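Colleague: compute the structure for the input listed below.
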Amino acid sequence: MPVLPILVSAAAPASAEAEKVSLRYYDDIVSRYHGRPALQQEIVAAQAGYPSDDLVAPTGLLLLARQGRAVLGCAGMRIRPGDIGEVTRVFVEPTARGQGVGRLLMQNLESESRAQGLTALRLDTRTDLIEARSLYALVGFIEGEAHNTDPYANHWFRKELR
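Modeller: A predicted model of the protein is given here:
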């Protein structure tokens with residue numbers, strides 16, 4: 001059976017596909033944070049604390065990586081003052097990790113950001129999200145000073161686009 005290509009395209013955050021992958025993203029990060037499987041109410045509370053309705057033009061973007069009907073991951077970006085894109089919601093399904101899905105999502109996000117005239121991308125993450133930190137370094141992000149006060153962030157990255 002032939003392997004289907006991985007395609008990346010924009011999606012509405014309120015779409016059924018985006019909602020499902022968002023819940024899996026929050027399940028993953030909440031479970032890692034607590035060191036145990038997350039409870040449903042913890043997942044829903046985390047998702048409610050970080051709304052995604054602004055991940056649509058003209059304020060942002062949400063990308064989904066698909067292989068056939070399967071959604072393998074997502075990556076979002078919010079446009080901030082100073083022509084900066086703030087990367088958020090980067091997630092790859094555990095079964096798809098190590099296959100270049102994260103890199104493909106980040107490359108597409110960077111391409112879209114350049115097309116919108118943004119001059120830099122920035123993001124924050126946590127120490128326990130080891131795969132994410134490795135991905136960001138792999139695609140050229142440099143760790144630096146804090147750019148926000150998110151209580152769950154302890155690593156901040158930036159990438160100049162010009």
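Colleague: C-alpha from now on. contacts and neighbour counts both.
Modeller: Will do.
Colleague: which helix is the longest one in the protein?
Modeller: Taking DSSP state H as the criterion, the chain has its longest helix at helix 16-34.
Colleague: hmm, H147 is touching W156, no?
Modeller: Yes. Taking C-alpha atoms under 8 Å as the definition, H147 is a contact partner of W156 at 7.0 Å.
Colleague: who has more neighbours out of these two?
Modeller: Taking other C-alpha atoms under 10 Å, H147 and W156 do not tie; W156 has more neighbours (19 against 13).
Colleague: SS state for the more buried one?
Modeller: What DSSP: H, G, I helix; E, B strand; the rest coil gives for W156 is strand.
Colleague: show me the beta-bridge partners of it.
Modeller: D124, G144 (DSSP bridges).
Colleague: run through the residues that contact it.
Modeller: Going by C-alpha atoms under 8 Å, 6 or more residues apart in numbering, W156 touches R122, L123, D124, T125, E143, G144, E145, A146, H147.
Colleague: what about the closest residue to A10 other than its chain neighbours, distance to A45?
Modeller: Closest residue to A10 apart from its sequence neighbours, by C-alpha to C-alpha, 6 or more residues apart in numbering: L63 at 4.4 Å. Distance, L63 to A45, using C-alpha to C-alpha, to the nearest Å: 23 Å.
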